[in-house]
Structures are given as C-alpha cells and as structure tokens.
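*Asks:* Quick one: sequence plus predicted model below, questions after.
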Amino acid sequence: MKKTFLVLIAVLALTACSSKEEEESNAVTTDSINQSEWAHKEDDRSYYIYFSVGDIMRISHPYYDYGSKSIKNFDIDGTFTYNKPNVTISFEGECSDSGFVFSSCDVSGTINGTVLTINDNGTTYQFDNQYPNE
C-alpha cells in the first residue's frame, strides 16, 4: 500500500510540473510588447522591464543605498526594437555603473510565450510577462 501511495504522489507531482511547463510552452508569443511589464526575481531582488509606446523602455533595478541602509530601485531609460520573437535593448545613462543587472548597455533576447530570455555574457535572465492576457 505504501508503494502504491508513493507512486501516486510521484505521478501527481510530475503531472503538475509538466502541466505548468506545457502551459508556458503553449502560450502564444505576442505580436507587440508595447505597454507590457516583465519581471525577473533573483534572491531578494526584483528587476522590472517596462516596454512603453513606440520604442521607449526602462528597467527598474535594485541597489543598496548605504546612506539609508536599505534597498532602493533605480530606473534606467532606453530604447528597444522587437521583431517577433527577437528583442534588442539599448540602455542610456548609468547602465555601465557597478551594480547594473547586465554587463553591457546593449543586450538582446527572445520572447517565447510569456517569457523574455536575455543572455548576457554566459548568464541567462528570464523575465516573466506580468500581465500576459492584456
């Protein structure tokens, strides 16, 4: 009886995982990313990319403020191009400062369903669309 119960739990766990993966892989890749928000969570930090109208975008990334001894968010503006499924982003301003999430002011990635994947110098960042049905 114990073995049957354990097998049942294993099957349910695998089914739950495959359903989520299947759901994500079946999600339709959007034709436009204008007015969309994407999030990447890493440890206790969250990074948000906002694609606005036209080619305007910004990233909000956390940094530690030694003066107030707290984590604050800093926004960096940029521009983007989207040719489904490819995204190219060029950040402006303080994107080369220490602590910026990417190693360069220019990054590129792809969108598959509700996931934006950016590969940056061997590190993969996955951003999830925060409002995929809108």
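*Replies:* That came through fine.

*Asks:* could you pull out the strands for the protein?
*Replies:* Secondary structure of the chain (DSSP state E): strands located at 36-42, 45-51, 56-65, 70-83, 86-91, 106-112, 115-120, 123-129.

*Asks:* Throw those into a markdown table and include distance to residue 27, thanks.
*Replies:* C-beta: built from backbone N, CA, C; applies to glycine. A markdown table is the format used below for those (distance: least, CB to CB, whole Å):
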| stretch | distance to residue 27 |
| --- | --- |
| strand 36-42 | 13 |
| strand 45-51 | 17 |
| strand 56-65 | 21 |
| strand 70-83 | 17 |
| strand 86-91 | 16 |
| strand 106-112 | 8 |
| strand 115-120 | 8 |
| strand 123-129 | 9 |
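
*Asks:* so which of these gets nearest residue 29?
*Replies:* strand 106-112 (5.4 Å; CB to CB).

*Asks:* and the closest one, which residues are buried?
*Replies:* 107, 109, 111 (16 or more other CB atoms under 10 Å).

*Asks:* Flag the shaky bits of this protein, pLDDT-wise.
*Replies:* By pLDDT under 70, the weakly predicted segments of the chain are 1-26, 97-98, 134.

*Asks:* change it to 90
*Replies:* Applying pLDDT under 90 to the chain flags residues 1-27, 42-46, 61-74, 92-101, 103-104, 121-122, 132-134.

*Asks:* got a list of what residue 109 touches?
*Replies:* 86-87, 89, 116-119, 125 (CB atoms under 8 Å, 6 or more residues apart in numbering).

*Asks:* what do you get for residue 72?
*Replies:* When contacts are taken as CB under 8 Å, 6+ apart, residue 72 is in contact with 62-65.
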